[in-house]
Structure formats: C-alpha cells, structure tokens
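Novice: I'd like to go over a predicted model; first the sequence, then the structure.
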Amino acid sequence: MARNVYEAMVLLDSNRYARNPGGVAGQIADTVTRLGGEVLVSRLWSEQKLAYPIGTHRKGTYWLTYFRLDSLKQAELTRQLRLNENVLRTLILRVDERLVDTLVAHASGAAASPAAGEGKPAEKQPPEKQPAEKQPAEAP
C-alpha cells in the first residue's frame, strides 16, 4: 500500500469557524490521523466572500492541509469530510514527491533552502555600487 502525500483545500463554514476556530479546523487533522495518516502542515489559507452562494453560505474559510495517507484510505477521508457539517467543499490532490518538501516549507512559512545546483538570487547592491546604465550614443 502506497503512502502518498496529499494537499487538501477545505472550504469551511465561516460562521462555525469564527465561533470555534481550533475545534472546526482540528476536525480535519483528527480525521486524517484517525485514518492512520500523518498531518505535515495545516493552516488557514484565507477567509473571503464566495464566488457564488453554497446553500445559504455567502462567505467561506479556506483551510489548507498537507498530509501523508495510505492511498486506499483517501476515498474514506473524502467520505468523512463530506459527512462533516462544518465542511462545505473539499478538493484533495496527490502531490508529486519531488515537490513535497518545498510545498510543505512554503505552507508552514519556513524559507525553503535552494536545491543543489541552483544559484542564489542576485543581491541588490547600493545605488553607488551598481554598474551605470549605458547611455545611447548620440548620432552625429
């Protein structure tokens, strides 16, 4: 059984999230761990007005979670999230192993270290040390 890394974007009921942020968002991590998964990072993405109403909801809270889970249990996770009354919508994607470290570091707010072979970004020099721009030659 393959344990893949997944990215889940969960749209939560913003009214319930406002009343109990830790409890509502914690249900996602609890569901993953109950199914034998490991949460890598879980955080608030944004809270905003929806493009279109979902039932009576006009505003939603987007919650981003990266987790490692057995591929056979992913369908059960989707089912559990659909049954959760705090969840309006979910999108779960499998993450390519080459991108896992970078995405998790970005989501957790840590700066990702440059990979081997990649150059460092050019440092900005003070104006007096920057090379002067070439002026176009005047035509005679």
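Specialist: Great, that's in hand.

Novice: By residue count, tell me the biggest helix in this structure.
Specialist: For the chain, the helix that runs over the most residues, judged by DSSP state H, is helix 21-34.

Novice: Quick check: which helices or strands does it pack against?
Specialist: On a contact count with 3 or more C-beta pairs under 8 Å, 6 or more residues apart in numbering; DSSP states H and E, helix 21-34 meets strand 3-13, helix 14-19, strand 38-54, strand 57-70, helix 74-83. All C-beta atoms are positioned from the backbone trio N, CA, C, and that covers glycine.

Novice: Now tabulate those in TSV and tack on mean neighbour count, mean pLDDT and distance to Ser108.
Specialist: Written out in TSV, the entries for those read as follows (neighbours: other C-beta atoms under 10 Å; pLDDT from 0 to 100; distance: least, C-beta to C-beta, whole Å):
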stretch	mean neighbour count	mean pLDDT	distance to Ser108
strand 3-13	20	93	13
helix 14-19	15	92	20
strand 38-54	13	93	5
strand 57-70	19	94	9
helix 74-83	14	94	21
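
Novice: could the ones you listed be laid out in CSV, adding distance to Ala107?
Specialist: Formatted as CSV, the helices and strands packed on helix 21-34 follow (distance: least, C-beta to C-beta, whole Å):
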stretch, distance to Ala107
strand 3-13, 9
helix 14-19, 18
strand 38-54, 5
strand 57-70, 6
helix 74-83, 18
